[in-house]
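# Fold the following.
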Amino acid sequence: MDFLASPEFWLALGQIIIIDILLGGDNAVVIALACRKLPPAQRTKGIIWGTAGAIVLRVILIAFAMTLLALPFLKFVGALLLVWIGVKLLAPDEDGHGDVQGSDKLLAAIKTIIVADLVMSVDNVIAIAGAAQNAGDHSFLLVVLGLLISIPIIVWGSQLVIKLMERFPLIITLGGMLLGWIAGGMLVTDPALANPDKWQWMLKMPVDSVTGEVTNVVKYGASVAGALLVLLTGKFILARRASAGSAPAGH
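Take a look at the predicted model:
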């Protein structure tokens with residue numbers, strides 16, 4: 001227990017909590033989007049279980065962070081998955097209304113939260129793992145403690161976002177676009193696209209000659225493209241449903 005008296009331990013813990021809170025804004029939006037259509041009685045369950053599942057998977061992901069991030073096409077697949085989730089949130093399936101489907105909807109919301117958080121965490125875990133390394137042997141304990149402390153903040157934040165969504169529906173659209181933004185930036189930083197020395201049969205992104213990373217122009221351009229892709233695809237699906245619903249019977 002000597003590590004509890006170490007300033008490095010508490011400094012690293014503080015850094016991890018701050019990182020979790022700052023990055024928790026994305027998670028709060030995803031949680032709120034996924035749970036917004038649940039009945040109020042199930043909404044809290046969806047938020048708590050979805051967050052808990054996401055936290056457990058994030059701890060596992062952090063344990064293997066450096067190895068996972070070096071795998072080619074992981075971010076690529078993750079980005080496509082995020083775009084799909086963003087579109088589904090903008091244009092949710094209309095099937096299965098009614099109380100009978102309540103439990104299914106709850107499980108679907110929890111699954112959406114866990115999958116989206118897992119994909120979005122691919123980049124975020126590096127910051128947390130880097131902060132934890134400063135504490136030496138107790139780095140994994142730090143990660144778990146930091147996440148546990150940040151859970152109530154993320155849960156409370158998502159409940160606040162749900163209330164704002166009910167008052168301002170535009171937030172739902174912006175939330176879906178946020179997932180597209182993250183997906184675009186994630187896709188172009190995949191090692192298969194960003195590493196000029198390996199997988200040379202792949203199309204390569206322009207990299208900064210100093211940092212060796214994908215240029216900001218490319219990264220932000222891809223983020224904007226991802227956000228617009230989610231928005232336009234969601235609007236297209238909703239427009240098709242509206243036109244199909246207004247078509248005369250028998251056509």
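# can you list the weak-confidence ranges in the stretch 1-150 of the chain?
Scanning the stretch 1-150 of the chain for pLDDT under 70 picks out 1-6, 16, 18-26, 65-70, 94-104, 121-140, 143.
# show me where the stretch 1-150 of the chain has helices.
7-35, 40-63, 65-69, 74-90, 102-132, 139-167 (DSSP state H, counting those that start in this stretch).
# quick one: which of the ones you listed is nearest Gly176?
Across those, Gly176 has its closest neighbour in helix 74-90 (4.0 Å, C-beta to C-beta). C-beta here means a position set from N, CA and C on the backbone, and glycine is covered the same way.
# and the residue nearest to Leu13 when sequence neighbours are not counted, how many neighbours does it have?
Distances taken as C-beta to C-beta, 6 or more residues apart in numbering place Leu142 nearest to Leu13, at 5.5 Å, with adjacent residues excluded. Using other C-beta atoms under 10 Å, Leu142 has 25 neighbouring residues.
# how far away is Leu142 from Ala79?
According to C-beta to C-beta, to the nearest Å, Leu142 and Ala79 sit 29 Å apart.
# what does Gly50 give?
The spacing between Gly50 and Ala79, counted by C-beta to C-beta, is 21 Å.
# Looking at those two, which one has more neighbours?
Between Gly50 and Ala79, counted using other C-beta under 10 Å, Gly50 has the larger neighbour count: 28 against 25.
# Excluding chain neighbours, what is closest to that one?
That would be Ile113: by C-beta to C-beta, 6+ apart, it lies 3.1 Å from Gly50.
# and the one you found, how many neighbours?
27.
# Was I right to think it contacts Ala28?
No. Counting by C-beta atoms under 8 Å, Ile113 does not reach Ala28; the two are 10.6 Å apart.
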